[in-house]
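J.: build me a model:
(one chain, ligands or ions: 2)
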Amino acid sequence: MKEKSKQNIQEIELYKKFKRISVAEFFERNRHLLGFDSPRKALLIAVKEYVDNSLDACEEYRILPDIKVEIDRLENDIYKVIVEDNGPGIPYENVPEIFGSFLFGSKFHRFISTRGKQGIGASAVTLYSQLTTKEPVEIITKMKNKEKGIKYKIKIDVKTNTPIILEKEEVEMKKESGTIVKAKIIGQYIKGKQSVDEYIRLTALINPHANIIYKNPDGERFVYKRIINEIPELKEVKPHPYGIELGYFDRLIRETKEETLLNFLTKTFSSVGQNTAMEVLKKAKLDPDIDPKSLNDDQIIKLYNALQNAKLRAIPSKYIVTLGRDIILKSMENILKPEYMAAIKRRPALYRGIPFIVEVGIAYGGEINEFQYYRFANRVPLLYKPGEDAITHALKEINWKHYGFEVEGEFPKDPMAILVHVASVWLPFTSESKEAIAPYDEIVREIELGIKNALRELSIYIKKKRALETIGDKYKNLYGYGLEVIDSLSSILDIEKEKVEERVKERIKKELVNDIYEILKSVREVKNLLKEGKEDRAVTLIKNMLKDTVKINLLSEKELEDMIVEVINDVKKNKLSLLS
Ligand SMILES: Nc1ncnc2c1ncn2[C@@H]1O[C@H](COP(=O)(O)OP(=O)(O)OP(=O)(O)O)[C@@H](O)[C@H]1O
Ligand SMILES: [Mg+2]
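T.: Numbering: from 1, shown residues only. Ligands and ions are numbered 1, 2, ... in the order given. The predicted structure is shown next:
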């Protein structure tokens, strides 16, 4: 008996040690989950959370984004991050909770291709700011229908996960609408692959509809002008049962306004029609007419499992925001300035019943001087945790030698950039900081196929180019020979030197014209471009292929271009069957 009560006391002591902590306190202790695990990464994440929000808000309100990012170095590793947008502004009464309380957002659990999702990003920066510099964040925002803007300084009360408002005042703002956020944090500014500079460049690459002006702490300014005027269209869809966890399902049942279980199922979710719902209810042994709120835990779990095991239609892929082949090509040309490009968009595929689409672009040569790959998830560049990411997993599956590339370490030596974009209304990430796409088999496989499709096109181009290098030697010989004999020929034949040179040039030009016909006949990408009416791009491509071969000052680029246009026109005029 005595023993028993001693044990009870021990248990009570133990229970005393248990306590509930707020989500803010949890993240304060686990800030690595939010991506703030080193000063250099913190600087990047702060910029990224704000820029993601600006782009999301502009897209949702159909505004072409103008975004300004500035990072100032203050003292002792303290940096000030400023992000300004021309978005819709933030409802004034919501500002404190958005920036001063976790899990407050407008995109929470919505099935929509936004960058943000969890209602964590903005508060995460506030938390990190107060942890490292003790400073609040400052927000100035203005909505279209308001005469004045409003300025707030906000911190988080970590114990209760509620906002502390340190300052609040009306301010004049010239813009019709928009938001400026400022945070002072401890950071570290670096150059290179994981830098803010690179994040901004890649953000511009995957968001060619945005104007982005960026000033880094060294005072360098980068201006990325928008090259298209179409705003990606976000369409929202009701949640799909396969994409939700039991806990959230439980909440949906408890909070529903529907009065029967049947209505709850058909009205809350996408892809659940009357018949499917009845079948699911039958499997779960539940009456379709009862009040959903009357279900006990056991019944909720049964219903959840029956739904997960039912054969449901996938969400239609029209809800997924992709760039498409043409825009990827245009944007790669603008930012990467390569010699050759190929891009493909895969058809929608499913993971756990949720559709996703993979897009791949490959840019080769030109201003690119080494192998690199760029990862994008719902139009956000991912710079960290490549090892965990589905895209890296897929790249490791590629047999580069098969496509004619020489490999050094894991990847080819060739100067090429591979862009992979995975888009979905519900993307699985490996953590809250959304730094890597979870390597589900289905996703890895799709990415792998996408890369292979694009590589196939590139390898045809490279093979052709190598063949052309032999032609290059031919010109060198021709012209070199010509040069040597020009002097002697002109004196032996008593013809002016210029005339001899002219003849040699003529001869070489004839050869070139033949080669242009040859390219038109055999390079698929050139044929495609011409078929699609993109003659300019075809001319540039042919020019790039021949440029090296005529480097020896034989022709100016303009002369070469004119020749290519002439041959193309000839082919078109005479309806030669080369393009079929
Ligand atoms: N610049 C902005 N303009 C307009 N609304 C904004 C802006 N920044 C934030 N918001 C609003 O604040 C909400 C919360 O932003 P927050 O970054 O905390 O979460 P989120 O973007 O919804 O999800 P995530 O945690 O994945 O970033 C957003 O859902 C959006 O409604
Ligand atoms: Mg966000």
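
J.: three-state assignment of the closest residue to ligand 1 within the stretch 351-500 of the chain?
T.: Closest approach between the stretch 351-500 of the chain and ligand 1, counting by Cβ to the nearest ligand atom: residue 434, at 6.6 Å. The C-beta positions use only the backbone N, C-alpha and C, and glycine is treated the same way. Under DSSP: H, G, I helix; E, B strand; the rest coil, residue 434 falls in the coil class.

J.: give me the pLDDT value at it.
T.: The per-residue pLDDT reported for residue 434 equals 86.

J.: nearest spatial neighbour of it, chain-adjacent residues omitted?
T.: residue 377 (7.0 Å; Cβ to Cβ, 6 or more residues apart in numbering).

J.: tell me the contacts of the one you found?
T.: Neighbour list for residue 377: 421, 422, 423, 427, 429, 434, 437 [criterion: Cβ atoms under 8 Å, 6 or more residues apart in numbering].

J.: residue 435 is in contact with the fifth one, correct?
T.: Put plainly, it is residue 429. Yes. Judged on Cβ atoms under 8 Å, residue 429 makes contact with residue 435 at a distance of 7.2 Å.

J.: which residue packs closest to residue 360, ignoring adjacent ones?
T.: residue 450 (4.0 Å).

J.: now the element after the helix or strand containing that neighbour, going C-ward?
T.: Following DSSP states H and E, one finds residue 450 within helix 441-493. The helix or strand immediately downstream of helix 441-493 is helix 497-522, counting by DSSP H and E.

J.: what does the protein put close to ligand 1?
T.: 49, 52-54, 57, 85, 87-88, 90, 98, 105-107, 116-123, 179 (Cβ under 6 Å from any ligand atom).

J.: drop anything exposed from those residues.
T.: Those of those that meet the buried threshold are 49, 52-54, 57, 85, 87-88, 90, 98, 105, 107, 116-117, 119-123, 179, by 16 or more other Cβ atoms under 10 Å.

J.: so the residue nearest to residue 434 bridges to which residues?
T.: residue 380, residue 422 (DSSP bridges).

J.: same deal with residue 214?
T.: In beta-bridge terms (that is, DSSP bridges), residue 214 pairs with residue 69, residue 222.

J.: now do the domain split for this structure, please.
T.: Listed by automatic domain parsing, the domain ranges of the chain are 23-224, 241-309, 320-452, 459-579.

J.: for those domains, which one sits closest to residue 231?
T.: domain 23-224 (5.7 Å; Cβ to Cβ).

J.: shaky segments in the stretch 351-500 of the chain?
T.: Applying pLDDT under 70 to the stretch 351-500 of the chain flags the ranges 468-486, 489.

J.: what's the spacing between the residue of the chain found nearest ligand 1 and ligand 2?
T.: The nearest approach of the chain to ligand 1 comes at residue 116, 2.2 Å away (Cβ to the nearest ligand atom). According to Cβ to the ion, to the nearest Å, residue 116 and ligand 2 sit 3 Å apart.

J.: which pLDDT value goes with that residue?
T.: The model's pLDDT for residue 116 equals 74.

J.: cool, and the one 5 residues further on?
T.: Predicted confidence (pLDDT) for residue 121: 89.

J.: residue contacts, it?
T.: 49, 52, 53.

J.: show me which of these neighbour ligand 2.
T.: residue 53 (Cβ under 5 Å from the ion).

J.: for residue 495, what are phi and psi?
T.: Residue 495 adopts backbone torsions of phi -110, psi 150, taken as degrees, to the nearest 10.

J.: buried stuff in stretch 432-441?
T.: 432, 433, 434, 435, 436, 437, 439, 440.

J.: surely the fourth one touches residue 37?
T.: No. Judged on Cβ under 8 Å, residue 435 makes no contact with residue 37 at a distance of 10.2 Å.

J.: burial count for residue 400?
T.: 19 (other Cβ atoms under 10 Å).

J.: my guess is it meets residue 411, correct?
T.: Yes. Between residue 400 and residue 411 a contact is recorded at 7.0 Å, counting by Cβ under 8 Å.

J.: which residues sit against the helix or strand residue 170 falls within?
T.: Assigned by DSSP H and E, residue 170 belongs to strand 162-171. By Cβ under 8 Å, 6+ apart, the residues outside strand 162-171 that reach it are 96-97, 99-101, 136, 140, 148-157.
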